[in-house]
Structure formats: C-alpha cells, structure tokens
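Chemist: could you look at this predicted model? Sequence included:
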Amino acid sequence: MSTSTTTAGTDGRPAAAGSRRRSRRGAAEARAGVLLALPFVLLFAVFTAWPVLQSMFMSFTDMRISDIRTPFAVDFVGLENYRTAFADPVFRRAALNTGVFVLLGVPLTITAGLAAALALNTGVGRLRAVYRVGFYSPVITSIVAVAVVWRFLLQPGTGLVNTVLGWVGIDGPHWLGDQRTALLSLVVMAVWRNFGTSMIIFLAGLQAVDPGLHEAAALDGAGRWRRFVSITLPSIRPTMLFVLVTTSIGYLQFFEEPFVMTNGGPLNATVSASMYTYNQFGFGNYGVAGAMAYLTFLVIGLVTLVQFRLMREK
Amino acid sequence: MLERRNPILTNIVLLGFLLLVITPFLWMVLGSLKTQGELLRVPPTWLPEEPTLGNFRRLFDRPFAKFFSNSAIVAIVVTAGNLLLSSMFGYALAHLRFPFKKLLFVLVLGCLMIPGLVTFIPQYVLVVNLGLADTLPALILPFLVQPFSVFLMRQFFLGLPRELLEAGRIDGVGEIAIFFRIYLPLAGPAFATLGILTFLGSWNNFLWPLVVSSSESTYTLPVALALISTGQNQTDYGLLLAGATLIVLPILVVFLFFQRYFIQGIAATGIK
C-alpha cells in the first residue's frame, strides 16, 4: 500500500522562538496528544490488546468453559493444545479445505474485480455508477440474508439455478449436499460476495496508469493484451499487492459461508479452520481453540510475508 | 484509452453480468412478496402473481421492530464512537508529539492482522466477567476501537496542511480546541467513508451478537433471522425472504445516497 501523503515534519517549526516558550508549548502539545489518544488507547488495551495476550496465555493452558470465572486458575500444559490440533483429523481436513478455498477464491476474486474495474474504466457512459453500485451491493449485504437467498437458489429440485440448468438439458447436482460440489459452491458465493471490494480498490488504483504510455504503445502497434501486461499491470502493482494481501487475509479466515450455509457438511467437506476453531470454543475447549486461532494467525503472517517478498518492486 | 472498444458491446456484456450479480437480490425482494404456495411452485415464477405483504406482517407479529431498533442503536453508537475516538487518536498521531507515540502506533497497527477469532474467546470471558453478557453495551464496547479506523483517520489528517495548526497556535487557540474547532470540521469526507464502513460492519455483524445475546431483548436482525432460519420455521421461505429484505434494503438505500462519498473517500484515504 502506498500513501499519497508524506509525514509532515514535526521539526519544521520556527527555531526563532525562545527555548523556554518552545518547551512550554511542547508540554502543552504532549498533554493534548495524550488526552486525545487516551480514550482510544484505554478501550483498546481492555478490549483488544489484553485479549490478544490472554489468548496466547490460554493456548498454553488446559482452560475450559468451567474456568470462565477464574481464567487464571488453570494449569500450563506447554504445547499440548498445539499437538492436539495437529493430531485432529478434522482440523487437518479443515486446514486443507481452507487452503483449497484460498487457492481458488483469491485468484477468482481478484480477476473478477480487476476485469470489472477495467471494463468500467473504458468509458461505459452513464451506466458507470449503476454498475459500480450493483457490483458492490453483495459486499454490503448481511451474510445471514445471503445464506437465506442462496440456499433457496441452490435447492436441488425447485431452485432457480437447477431450473435454469434444466432449460439447457443439464441435470444440476444437489449443490450444497454433495461432497464434490459443496466447497465449490461456497467459493462461487464468496467470489460473488467479495469481488466488489477489489473492484473499487482497482478503480482507484487505475487512476495511476498514465494514458500517454498507452497511446505511445498503441502507436508502436502494441495490442490491447500486450499493453495490459506491459503497462497497466506494472502501474497498478502496489494496488495489486494491497488487494492480494487483504483478500488472502480475509479468505484464510473463511468462516461465515460454511457456518451459515452448510455447517461444515456434508461429511466435513466444507468445514474451515476458523469454523472448527469456533466449534472448539462451543465445546468449551478454550485452550485448544486458542491454539488453533494462533495457528491461523501464524499462517496469515507467513502468507503475508511471502506475498510482500514476491511482489516487492524489483 | 485509445481506440475505444464499442461501448454498446461493453455495455451489453456488463448489463448481463450486472443482472447475474443482482439476481439474488431481485429474487429475494420479489420472493418476499409471494405466498408460500407460489414460492414452492415448480417451475418457479418470476414476478409475484398476487403480491402480498403477508410475510412482512407475520415478521412483525414477532418482535422484529425491537430487533430492528437494537440493530440501529448498536450501529449508530458504534459508528459515532468510532468516528470520535479514532479521529482524536488519528489526529494526535498525525500532528502532535507526545510520549510513546511511535510505540502506540505500531502496537495498534500490529493488531490489524490478528484474526478475529484470536480475541474472540478472551473478549467473551471478559464480557461475562464484567456482567455485560446479554446487554447492548456488550455488542457495542468491543467495536468502538478498531485499528483500521485509526489508520484511516491518521492518513486523512496527514493530508491536511500543518499550517492550520501553526495558525491556530499563533491565534492563541488551545491545543485541544485546534483539533475540535479547526481540523474536525474538515474531516467530512473521511467521516463519510469511515462512517459507512463502520455502520455496515456493525449492522451486518453476526457471530459476536449470536454468542453474546441470549434473549429477545438484545437480539439484532441478523441473529434473529439466523435463529428463525435454523429453527422450526426454516421452511417458511416467505418469512425468511421478508426478514432478509428487511436487513438488506435499508442498507442498500443508505449506500445509494452516500456511494459517491464512499468511493471518493476510499481513493482519497490512501488505499491505492
């Protein structure tokens, strides 16, 4: 991510003022800074920073739901919870499902978002705003409402999708009930739900592409595809990195879709790492759930690091 | 760009794509106006034959007005709190020197990457121990402070000229008054973006309220709809589609009004 602004120097103030006056002003400035920061920082310490630390602590203990009132009267078990997680075949299946979801979903989401942004950028006239709002509308929709509608659309017998497929002679499967199509259905739904976000960000990023370069290349006989690869893509590299990283982070935490659509089924075909972590919390296994959450965090950190390395400006 | 593609052709392709994308919404709104008998018909009908508000009437036989107001109260307070707290902190980070500034900034931003599930259980334990379980404050407090909001406001204030601050000091305006009287009134565009994002996030928030709320007095719309759709009414499609419409439509209308600011804001706050 690059920012269009630069940090304003805090040392740029006139040096002519007397040092006493300056230090008095400095003290007033520091006091104001602390006062303005304090409300956020206090709430943040209580509701975010502290839970992050406690979660780490929890993942090394045998904490269960019965310890909820006395979260510190628990025993240390070292890496036992992490061993439990790795040894659990359902967790491994969940990790695999999450991997498949990320590997399919991230490229599809980015491609759809970029394609939509490019199309809107070629001068589509007055309908531009309509497309923009239309393509973004799934993003702002409650997942619960999405689930209600999509479950209805994907129904095996009376659903709209299979009805339409029937018109062209295809006998549509039981999308969410079949192990072979359930995860795929969720990938498609997630792409539908998320490509609008990447579209908006690509639209902003495409402003950085110099039209002069395109004109020059076109005069030299470069085709549309050639110009896209050699001019547009390199120009939007920072945007691409941002979209790649944020989409991946989101998809690695893949949770809501299986939670509301399939509850992880059929036969764990759609259970995700985050969803299984949540289930452990539901079973009262707080220590194991903490370990699983930290494993996901670790993977997110690693993937982000790798993406930054690969996409670094050469 | 140069030799323009035929805009009519592009528009036809885009319109087809648009139809595909918004079909679920059309289906939802049209379906909410159909009778149960018509909803189950094979092949499905497209437009409702006898449009009826019966589904919505049955929805409001339940305390859906209460769920709606719960959702609205939580979303409004979370949004207002986010705007105020993160603009204060964001301004301080952008323009003032104070102790531990760098450290605080790094700590808060570091939390951007932490998955929600990491803090989920300790937050739940905390809320239970504070005696806040099944109250509206439990749905509000954890969401008042979000690292992303601070980042966005800091970027925005960095883009405003520092001369305003210097001029205020010369005129003898107090340090805190400089923020509230000079910088804050200029934050409209950033507030539009952050306000929409926060409001949407809160309105659609699902997992946390599902776990924390346990009685109808604190249910929000998504929780109530989720419980109906998995309970004994799960085949009452008309009721479910009406509930889904009730969640989505207000948000869609608000978004239509503010989308211009929203998209400008995203471009202007450095996400590019």
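Modeler: Received it, and whenever you're ready, just let me know what you need. For clarity, every value in this text was computed on a predicted model and none was experimentally measured. Numbering: from 1, shown residues only, chains lettered A, B, ... in the order given.
Chemist: could you check which residue of the stretch 151-300 of chain A lies nearest chain B?
Modeler: A:Ala204 (4.0 Å; C-beta to the nearest C-beta). The way it works is simple: take the backbone N, C-alpha and C, and place the C-beta from them, glycine included.
Chemist: try chain A
Modeler: A:Gly33 (2.8 Å).
Chemist: skipping its backbone neighbours, what lies nearest A:Leu160 in space?
Modeler: Take A:Leu160 and drop its neighbours on the chain: the residue closest to it by C-beta to C-beta, 6 or more residues apart in numbering or on different chains is A:Leu153, 4.9 Å away.
Chemist: is that neighbour in contact with B:Trp27, as I believe?
Modeler: Yes: between A:Leu153 and B:Trp27 a contact is recorded at 6.5 Å, counting by C-beta atoms under 8 Å.
Chemist: which one of those two has more residues nearby?
Modeler: In terms of neighbours (other C-beta atoms under 10 Å in any protein chain shown), A:Leu153 is the more surrounded of A:Leu153 and B:Trp27; the figures are 21 against 18.
Chemist: and stretch B:117-131, how far out from the chain middle?
Modeler: Averaging C-alpha positions (C-alpha atoms, centre = their mean, to the nearest Å) puts stretch B:117-131 22 Å from its chain's average.
Chemist: what residues does that stretch touch?
Modeler: Applying C-beta atoms under 8 Å, 6 or more residues apart in numbering or on different chains, the contact partners of stretch B:117-131 are A:46-48, A:50-52, A:54-55, A:58, A:68-69, A:71, A:253, A:255, A:274, A:277-278, A:281, A:286, A:289-290, A:293-294, A:296-297, B:133, B:138, B:141-142, B:207-208, B:211-212.
Chemist: next one: stretch B:254-265
Modeler: Taking C-beta under 8 Å, 6+ apart as the rule, stretch B:254-265 contacts A:129, A:132-133, A:136-137, A:140, A:200, A:203-204, B:189-190, B:192-194, B:196-197, B:199-200.
Chemist: buried residues in it, which are they?
Modeler: Residues B:Phe255, B:Gln259, B:Tyr261, B:Phe262, B:Ile263, B:Gly265 are the ones in stretch B:254-265 that count as buried (16 or more other C-beta atoms under 10 Å in any protein chain shown).
Chemist: same check on stretch A:23-43?
Modeler: So for stretch A:23-43, counting by 16+ other C-beta under 10 Å, buried means A:Glu29, A:Ala30, A:Ala32, A:Gly33, A:Val34, A:Leu35, A:Leu36, A:Ala37, A:Pro39, A:Phe40, A:Val41, A:Leu43.
Chemist: show me the contacts for the first one.
Modeler: What it means is A:Glu29. Applying C-beta under 8 Å, 6+ apart to A:Glu29 gives the contacts B:Leu96, B:Arg97, B:Phe98, B:Glu175.
Chemist: quick one on the thing from earlier: buried ones among the contacts of stretch B:254-265?
Modeler: In those, the ones that pass as buried (16+ other C-beta under 10 Å) are A:132-133, A:136-137, A:140, A:200, A:203-204, B:189-190, B:192-194, B:196-197, B:199-200.
Chemist: what about the residues you listed, which are in helices?
Modeler: A:132-133, A:136, A:200, A:203-204, B:189-190, B:192-194, B:196-197, B:199-200 (DSSP state H).
Chemist: which residue is the nearest non-sequential neighbour of A:Asn121?
Modeler: A:Leu206 (5.2 Å).
Chemist: isn't the one you found right next to A:Ala116, touching?
Modeler: No: here A:Leu206 does not reach A:Ala116: they are 11.2 Å apart, not a contact under C-beta under 8 Å.
Chemist: between the two, tell me which one has more neighbours.
Modeler: A:Ala116 (26 against 18).
Chemist: which other helices and strands contact the strand or helix carrying that one?
Modeler: Using DSSP states H and E, A:Ala116 sits within helix A:89-120. Contacts defined by 3 or more C-beta pairs under 8 Å, 6 or more residues apart in numbering or on different chains; DSSP states H and E place helix A:89-120 against helix A:128-136, helix A:182-205, helix A:237-252, helix A:273-282, helix B:7-32.
Chemist: coming back round to it: shared neighbours of A:Leu153 and B:Trp27, anything?
Modeler: Common contacts of A:Leu153 and B:Trp27 (C-beta under 8 Å, 6+ apart): A:Leu160.
Chemist: show the average pLDDT along stretch B:84-92.
Modeler: Taken as a whole, stretch B:84-92 carries a mean pLDDT of 96.
Chemist: what of stretch B:202-210?
Modeler: Mean predicted lDDT for stretch B:202-210 stands at 92.
Chemist: first-to-last residue distance for that stretch?
Modeler: End-to-end distance of stretch B:202-210 (C-alpha to C-alpha, to the nearest Å): 13 Å.
Chemist: ditto for stretch A:266-281
Modeler: Separation of the first and last residues of stretch A:266-281 by C-alpha to C-alpha is 21 Å.
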